[in-house]
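Asks: sequence and predicted structure below; questions after.
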Amino acid sequence: MAEQREMKAPWHSGKMLCVAIFFIAAVITLVAISVVQNKPIQQKYKYGIVLDAGSSHTALYIYEWPAEKENNTGMVRQRHYCPVKGKGISSYAHNSSGAGLSLMHCIEEAKRKIDPAKHKETPVYLGATAGMRLLMEQDPKSAEKVLSSVKDTLSKTPFDFQGARIITGQQEGAFGWITVNYLGENFGKAAGTMGALDLGGASTQITFVSNQPIESPDNSMDFRLYGSDYQVYTHSFLCYGKDQVLKLALEKQLQSGETLLQDPCFHQGYSQDKQFKDVFDTPCVKTINKDDSKENFTHNGTGDFAQCQSSIQKVFNFSQCTSSRCSFNGVYQPPVVGTFGAFSAYYFVMNFLNLTGQSLEDTKRNLADYCKTPWNEIKQRYGERVKEKYLSEYCFSGTYILTLLENGYNFTEDTWRDITFIDKIEGSSAGWTLGYMLNLTNMIPAEAPDTPLMTHGGFVILILFLSIFLLVLLFLGHRFLGRPSCSSPKDIV
Ligand SMILES: Nc1ccn([C@@H]2O[C@H](COP(=O)(O)OP(=O)(O)O)[C@@H](O)[C@H]2O)c(=O)n1
Ligand SMILES: [Ca+2]
């Protein structure tokens, strides 16, 4: 009997050893697969949609992020961009139902881009900016109708509609700043943050962390993000987007009631008949067309950068300031400090003019050359790829950008070098939409998220080493403590 028991024990331990070896082999295989893939076996993604209803056009952005990492900085990325056909929603003031309809094409595109199983849990937000702020000032009833129309359309989509609202200029500035610093992974780091310069068609924003106490509460915002405190200076100038400033500049030149305008901001040889109402029909222009017997004026270009700059300077009021220092129109602004990212129309215009990455002096010289180029030559050079209306305005827009940055915000030859004209960071557009969504989905924590005890890679390596260690142990045990095998008991007997 004793012999039988002795015979049985090695067989049992042999079976156990086999199970152990199979188990360890299975772990090693799984780990190996995981190492090869170098990512968790199942990565779940979440999605969010933001519609940017700007003054000139609307665009739909789809963002995506790995579900389990939503609180880490830099995890949310732009997955898709869809420009809505036609003009901005504020242009539907007299045909409000058209505003909602205009979004349908991009909504259909979003339905195709996002897994249908995720539609119900995907939030969709619409934020309207300066075009709708102006319409709300001019004609609040129409503005409400336009908002109802887009709400109606969005609430009928399969997505989780979270609201359509007009955002304030302060929010627009702050969310743009959050976007560029989130994408640049600057939060919670010692190196500091990047200021944000956003130029739209109807408003413009400047936002940065000042190195001085902020004198005006209206321009100050406090954030605690990823464990660091930020006091941010921000200001949004309504009517100082490039399309409204063009109207302001034309108004100043038309004040004498003439019907022929010789404009230094347009190319020599440019000549277009335009309607007075296109200049005066905006709440940004405070004067009215004095002589309403005439409907049209002729807009001629003379192409002179220096004169264009003096004409644009007239749209800024530099004379009154009740704080220690101001940018313009009596608005308090501390001196600009640190690096800046300039996006939206800043980028579109400077990129078209090939003026990104040059000194202020070179930028001015090259822009002066561009403005001096006759209209015929400009049309020949670029006419095929740019619509004539937009092409005709680049000299004006470039000059406005230089004047705003140098005379308005007080950038100098030195601090000009700290400005980068940016379109995208790591594949995601610079703009307020991402920051807006991060805020509304609570994805920007006040404190730095707890770092996991171990990274995925570290965990995989640990398991691999443990498995090898166990195998070696079993092998040694097998050699020195007996000879169990995986064969049947009969063989052992
Ligand atoms: N490819 C593009 C797209 C827009 N833009 C201009 O960029 C500006 C965008 O302004 P927006 O529609 O966001 O207006 P806001 O509501 O931000 O003031 C407009 O002046 C457009 O004409 C451009 O110059 N090139
Ligand atoms: Ca905009």
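Replies: Done, it's in. Ligands and ions are numbered 1, 2, ... in the order given.
Asks: this protein against ligand 2: which residues are in contact?
Replies: 54, 200 (CB under 5 Å from the ion). The way it works is simple: take the backbone N, C-alpha and C, and place the C-beta from them, glycine included.
Asks: direction included, what does the strand ranked longest in the chain pair against?
Replies: What stands out as the longest strand in the chain, according to DSSP state E, is strand 228-238. Strand pairing for strand 228-238, using DSSP bridges, gives strand 203-209 (antiparallel), strand 220-225 (antiparallel).
Asks: average pLDDT across the last one?
Replies: On average, the pLDDT along strand 220-225 is 96.
Asks: show me what counts as buried in that strand.
Replies: 220-221, 223, 225 (16 or more other CB atoms under 10 Å).
Asks: give me the neighbour count for the residue of the stretch 101-250 of the chain found nearest ligand 1.
Replies: The stretch 101-250 of the chain approaches ligand 1 most closely through Gly200 (2.2 Å), counting by CB to the nearest ligand atom. Using other CB atoms under 10 Å, Gly200 has 27 other residues around it.
Asks: which residues are in contact with it?
Replies: Residues near Gly200 by CB atoms under 8 Å, 6 or more residues apart in numbering: 54-56, 129-130, 241-242, 344-345.
Asks: now it. Nearest residue, chain neighbours left out?
Replies: Leaving out its chain neighbours, the residue that sits closest to Gly200 by CB to CB, 6 or more residues apart in numbering is Gly241, at 4.1 Å.
Asks: quick one: the strands in the stretch 251-400 of the chain?
Replies: Residue ranges of the strands in the stretch 251-400 of the chain, as given by DSSP state E, counting those that start in this stretch, are 260-263, 271-275, 296-301, 340-344.
Asks: what's the separation between Asp198 and Pro283?
Replies: 21 Å (CB to CB, to the nearest Å).
Asks: neighbour-wise, which of these two wins?
Replies: Asp198 (28 against 15).
Asks: was I right about Lys277 contacting Glu295?
Replies: Yes: counting by CB atoms under 8 Å, Lys277 touches Glu295, with 7.5 Å between them.
Asks: how about the protein: which residue is closest to ligand 2?
Replies: Going by CB to the ion, ligand 2 is nearest to Gly200 of the chain, at 3.6 Å.
Asks: after the helix or strand containing Gln170, next one along is what?
Replies: Assigned by DSSP states H and E, Gln170 belongs to helix 169-183. Downstream of helix 169-183, the first helix or strand assigned by DSSP H and E is strand 195-199.
Asks: can you list the residues of the stretch 51-200 of the chain near ligand 1?
Replies: Residues of the stretch 51-200 of the chain found near ligand 1 (CB under 6 Å from any ligand atom) are 54-57, 88, 129-131, 200.
Asks: let's see that with 5 Å instead.
Replies: Within reach of ligand 1 by CB under 5 Å from any ligand atom, the stretch 51-200 of the chain has these residues: 54-56, 129-131, 200.
Asks: quick one: low-confidence parts of the stretch 1-150 of the chain?
Replies: For the stretch 1-150 of the chain, applying pLDDT under 70 flags the ranges 1-23, 25-42.
Asks: just the strands in it please.
Replies: 45-53, 58-66, 77-83, 123-128.
Asks: could you export these as a markdown table, including mean neighbour count?
Replies: Below are these laid out as a markdown table (neighbours: other CB atoms under 10 Å):
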| stretch | mean neighbour count |
| --- | --- |
| strand 45-53 | 24 |
| strand 58-66 | 21 |
| strand 77-83 | 17 |
| strand 123-128 | 24 |
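Asks: any buried residues in stretch 203-223, and which?
Replies: Neighbour-count burial for stretch 203-223, counted by 16+ other CB under 10 Å, picks out 203-210, 214-215, 219-221, 223.
Asks: would a markdown table of the strands of the stretch 251-400 of the chain with mean pLDDT and distance to ligand 1 be doable?
Replies: Output for the strands of the stretch 251-400 of the chain, formatted as a markdown table (pLDDT from 0 to 100; distance: least, CB to the nearest ligand atom, whole Å):
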| stretch | mean pLDDT | distance to ligand 1 |
| --- | --- | --- |
| strand 260-263 | 97 | 18 |
| strand 271-275 | 97 | 17 |
| strand 296-301 | 97 | 18 |
| strand 340-344 | 98 | 5 |
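Asks: tell me how far the closest residue to Tyr63 other than its chain neighbours lies from Leu147.
Replies: Leaving aside its sequence neighbours, Tyr63 sits nearest to Gly48 (CB to CB, 6+ apart; 4.8 Å). Using CB to CB, Gly48 is found at 21 Å from Leu147.
Asks: then Pro217?
Replies: For Pro217, the distance to Leu147 equals 29 Å [CB to CB].
Asks: report the angle between the helix holding Gln170 and strand 220-225.
Replies: Using axes from the mean of the first three to the mean of the last three CA atoms, to 10 degrees, one finds that helix 169-183 and strand 220-225 are set 30 degrees apart in direction.
Asks: which strands or helices does helix 169-183 pack on?
Replies: Helices and strands touching helix 169-183, by 3 or more CB pairs under 8 Å, 6 or more residues apart in numbering; DSSP states H and E, are strand 195-199, strand 203-209, strand 220-225, strand 228-238, strand 340-344, helix 432-440.
Asks: and Lys151, which of the ones you listed is closest to it?
Replies: helix 432-440 (15.9 Å; CB to CB).
Asks: can you list the residues that contact that closest one?
Replies: The contact list for helix 432-440, computed with CB under 8 Å, 6+ apart, reads 48, 50, 52, 61, 63, 76, 78, 123, 125, 127, 129, 162, 167, 171-179, 182-183, 198, 428, 443-444.
Asks: pLDDT of it, averaged?
Replies: pLDDT averaged over helix 432-440 gives 97.
Asks: hmm, it touching ligand 1?
Replies: No: for helix 432-440, no contact with ligand 1 is found by CB under 5 Å from any ligand atom; the gap never falls below 8.5 Å.
Asks: CA atoms of that helix as PDB?
Replies: Provided in PDB are the C-alpha atoms of helix 432-440 (Å, rounded to 0.1, in the frame of the first residue of the first chain):
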ATOM      1  CA  TRP A 432     -12.400  77.200 -29.400                       C
ATOM      2  CA  THR A 433     -14.400  74.100 -30.200                       C
ATOM      3  CA  LEU A 434     -12.200  71.500 -28.500                       C
ATOM      4  CA  GLY A 435     -11.800  73.500 -25.300                       C
ATOM      5  CA  TYR A 436     -15.600  74.000 -25.300                       C
ATOM      6  CA  MET A 437     -16.200  70.300 -25.500                       C
ATOM      7  CA  LEU A 438     -13.600  69.400 -22.900                       C
ATOM      8  CA  ASN A 439     -15.200  71.800 -20.500                       C
ATOM      9  CA  LEU A 440     -18.800  70.700 -21.100                       C
END
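Asks: farthest-apart pair in the contacts of Gly200, please.
Replies: For those, the maximum inter-member distance is 13.7 Å, found between Thr129 and Lys242 (CB to CB).
Asks: which of these two has more residues huddled nearby?
Replies: The residue with more neighbours, out of Thr129 and Lys242, is Thr129; 30 against 24, by other CB under 10 Å.
Asks: confirm for me that that one is in contact with His57.
Replies: No: taking CB under 8 Å as the definition, Thr129 is not a contact partner of His57, at 11.1 Å.
Asks: now, the residues of the stretch 51-200 of the chain next to ligand 1 that are in helices?
Replies: The members of those that map onto helices under DSSP state H are 130-131.
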